[in-house]
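Novice: Quick one: sequence and predicted model below, then my questions.
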Amino acid sequence: MKYGAHRLDHLQESIIRSITRYGIEKGAVLLAQGFPDFDPPEEVLAAAERALRQGLNQYAPTWGLPELRKAIAEKSSRFYGQKIDPDREITVTCGVTEAIFAAVLGIVNPGERVIVFEPAHEQFYPSIVFAGAVPVWIPLRPPEFRFDNDQLEAAFKSGVKAIILNSPHNPSGRVFTSQELSFIARLCSEYNAVAVCDEIYEHLVYDGRTHIPLATLPGMVDRTITICGFGKTFAITGWRLGYAIASESLTNVLRKVHDFTTVCAPTPLQAAMVTALNMPDSYYDSLREFYLTRRNRMIRTLRDSGFECQPPEGAYYVMADFRALGRGDNDLKFAYWLIDQIGVATVPGSSFFASNSSLGRGFIRFAFPKRDETLGIVEERLSRLRSDHL
């Protein structure tokens with residue numbers, strides 16, 4: 001007897017998390033799953049401890065602590081000039097993943113079409129599958145990872161309910177330009193589509209670039225669900241805290257999914273995020289500088305070790321081409337070989353291509369939110385790729 005639901009037939013376990021577990025078993029340096037190997041700011045840890053000791057250990061209001069929703073609205077005004085109602089337009093979720101699922105399940109009907117840029121984070125496809133919808137894949141073409149305007153417009157013309165947009169982009173590191181975003185906004189308005197925007201890396205942009213929320217463009221405030229999180233910005237990926245900002249009508253539908261799946265995000269950790277969001281602008285400036293140094297060091301290390309790669313414009317990943325190393329182009333095989341023989345865990349490029357896994361052949365993704373000591377170990381281990389005995 002087959003017990004699994006048919007909707008799961010084309011899904012598999014997260015490659016990112018499974019290869020991370022394998023890397024841990026083998027004692028590899030973990031550059032696969034995107035988490036820092038250093039602590040969050042001391043102020044944030046202290047705030048969480050205070051919340052625990054002060055009795056904030058029971059259910060929070062389903063949509064999030066009022067003081068946190070107010071802080072999120074103030075942050076959105078501070079950085080992007082947005083005017084957001086914290087009571088009717090903000091929902092605190094158990095991470096960005098839950099927010100994505102709540103958004104897609106809340107707005108998309110079975111059989112409707114959803115545009116996704118590819119390569120894409122592996123969470124997007126399952127959200128579409130669970131909704132019974134149909135993915136429409138639009139390639140971001142390397143090495144610059146840009147989309148073709150005509151191809152995207154043709155997809156909209158064929159009829160779509162929504163588009164999932166991720167900028168800064170994981171895994172390519174692209175930061176979509178104002179021209180690209182304006183084009184997407186025009187198509188959403190013209191063809192009456194909703195944009196679900198994963199903007200978790202909003203503060204990790206480099207070389208003078210600026211993150212532009214799609215919701216701030218003309219005509220988009222009422223047809224955009226903006227999804228952000230705290231894990232990447234404050235080095236607390238294990239706290240699983242995210243949030244969605246949307247008009248009241250869109251918020252009402254995603255809240256129904258949130259209410260009956262997770263009920264609420266962890267109360268004491270929500271309280272700590274109020275402290276985090278009140279940190280000065282200098283924190284975000286130092287954050288970008290910190291990750292810029294990590295990015296530049298990782299690019300040098302990879303190129304010196306024989307990889308071909310471009311500096312990402314945002315986020316904290318590098319997609320690297322390993323074919324010049326002479327070990328073929330099987331990315332899954334190479335990723336496991338890199339763990340077993342070199343001691344470095346990465347993510348095979350095929351995991352970011354749900355439409356055709358062969359599109360990721362020859363590529364692996366490195367995450368660089370790591371301490372200097374960790375990157376030093378990575379440099380030493382990857383230097384062995386040039387050794388004759390390998």
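Specialist: Everything's here; your move.

Novice: as a whole number, average confidence for stretch 115-131?
Specialist: Mean pLDDT, stretch 115-131: 95.

Novice: Give me the buried positions along it.
Specialist: Burial within stretch 115-131, assessed by neighbour count using 16 or more other Cβ atoms under 10 Å, is assigned to 115-131. To be clear about C-beta, it is placed using only N, CA and C from the backbone, and glycine gets the same treatment.

Novice: Alpha carbons of that stretch, as CSV, please.
Specialist: These are the backbone C-alpha positions of stretch 115-131, laid out as CSV (Å, rounded to 0.1, in the frame of the first residue of the first chain):
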residue,chain,number,x,y,z
ILE,A,115,6.0,32.4,-12.2
VAL,A,116,9.3,31.6,-10.6
PHE,A,117,12.8,32.8,-11.6
GLU,A,118,15.2,29.9,-11.8
PRO,A,119,17.6,29.0,-10.2
ALA,A,120,15.5,29.3,-7.2
HIS,A,121,15.6,28.4,-3.5
GLU,A,122,14.2,24.9,-3.1
GLN,A,123,11.3,26.1,-0.9
PHE,A,124,9.4,27.9,-3.7
TYR,A,125,8.5,24.8,-5.7
PRO,A,126,6.9,22.9,-2.8
SER,A,127,4.7,25.8,-1.9
ILE,A,128,3.3,25.8,-5.5
VAL,A,129,2.9,22.0,-5.3
PHE,A,130,1.0,22.1,-2.0
ALA,A,131,-1.3,24.7,-3.5
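
Novice: Buried residues, the lengthiest helix in the chain. List them.
Specialist: Under DSSP state H, the helix in the chain containing the largest number of residues is helix 281-304. Of all the residues in helix 281-304, those buried under the rule 16+ other Cβ under 10 Å are L287, R288, Y291, R294, R295, R297, M298, I299, T301, L302.

Novice: Next: stretch 178-197.
Specialist: By neighbour count, and taking 16+ other Cβ under 10 Å as the criterion, the buried residues in stretch 178-197 are 180-188, 191, 193-197.

Novice: Please flag which of the residues you listed sit within helices.
Specialist: Judged by DSSP H, helices contain the following of those: E180, L181, S182, F183, I184, A185, R186, L187, C188.

Novice: Give me the distance between the residue nearest to A354 when sequence neighbours are not counted and V175.
Specialist: With Cβ to Cβ, 6 or more residues apart in numbering as the criterion, A354 has its nearest non-adjacent residue at 4.1 Å, and that residue is Y125. Distance check for Y125 against V175: by Cβ to Cβ, to the nearest Å, it reads 23 Å.

Novice: what do you get for H121?
Specialist: Computed with Cβ to Cβ, the distance linking H121 and V175 is 16 Å.

Novice: Same check on T233?
Specialist: The value you get for T233 to V175, if Cβ to Cβ is used, is 16 Å.

Novice: Let me know the closest of the buried residues of stretch 178-197 to G229.
Specialist: Distances from those to G229 were compared by Cβ to Cβ; the smallest belongs to C197, at 12.4 Å.

Novice: The closest one touches L165, doesn't it?
Specialist: Yes - under the criterion of Cβ atoms under 8 Å, C197 makes contact with L165 at 4.9 Å.

Novice: where do the contact lists of those two overlap?
Specialist: In terms of Cβ atoms under 8 Å, 6 or more residues apart in numbering, C197 and L165 are both contacted by the residues L214.

Novice: so how far is the first residue of stretch 156-164 from its last?
Specialist: Stretch 156-164 has its terminal residues 13 Å apart, counting by Cα to Cα, to the nearest Å.
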